[in-house]
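# sequence and predicted structure are below.
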Amino acid sequence: MIARIWRGRVPASKADSYHEYLKKTGLDDYQLTPGNKGVTVLRRIKGDEAEFLLITLWDSYESIKKFAGEDYEKARYYPEDNDYLLEFEPNVSHFEVLI
């Protein structure tokens, strides 16, 4: 199993609305992609920023490519992300899940 990890930061004032937005975009897309085994969304608010950490689980790199495309190490963004994110990390991280 492979874990795909993405981080994003938004203004703290938009933390709740960004979570709702995530549910309608990326989270739905993850869960509808064959080979996705689950998603965890973590959030921490520090001062005037909220950091989101998304961990998705996949059965293979081929399944990840169905979601992210051939260049699966690039982060996938949606047009409305411009309304929330403070920066756009270009890449995600992948780890083998051992336990």
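Done, it's in. Residues are numbered from 1 along each chain as shown.
# would you map the helices across the protein?
Secondary structure of the chain (DSSP state H): helices at 15-24, 26-32, 61-68.
# which strands and helices lie in contact with the second one?
The reference is to helix 26-32. strand 36-46 (3 or more C-beta pairs under 8 Å, 6 or more residues apart in numbering; DSSP states H and E). Every C-beta, even on glycine, is put in place using the N, C-alpha and C of the backbone.
# name the helices or strands packed onto the strand it packs on?
So strand 36-46, by 3+ C-beta pairs under 8 Å, 6+ apart, packs with helix 15-24, helix 26-32, strand 49-58.
# of the ones you listed, flag the one that's most buried.
Scoring the helices and strands packed on strand 36-46 by mean neighbour count under mean count of other C-beta atoms under 10 Å gives strand 49-58 as the most buried, with a mean of 19.
# contacts for it next, please.
1-12, 14-15, 18-19, 22, 26, 30, 35-45, 64, 86, 97 (C-beta atoms under 8 Å, 6 or more residues apart in numbering).
# so how far is that strand off the chain centroid?
5 Å (C-alpha atoms, centre = their mean, to the nearest Å).
# try stretch 1-9
6 Å.
# do the same with stretch 22-38
The gap between where stretch 22-38 is centred and where its chain is centred comes out at 9 Å by C-alpha atoms, centre = their mean.
# identify the residues contacting that stretch?
Here stretch 22-38 has contacts from 1, 39, 41, 52, 54, 56-60, 62-64, 66-67, 76, 78, 80, using C-beta under 8 Å, 6+ apart.
# then stretch 82-91?
6-11, 14, 17-18, 21, 49, 73-75, 77, 81.
# of the contacts of strand 49-58, keep whichever come out buried.
Neighbour counting by 16 or more other C-beta atoms under 10 Å classes 2-4, 6, 8-10, 14-15, 18, 22, 26, 30, 35-36, 39, 64 among the contacts of strand 49-58 as buried.
# that's all I had, so thanks and see you.
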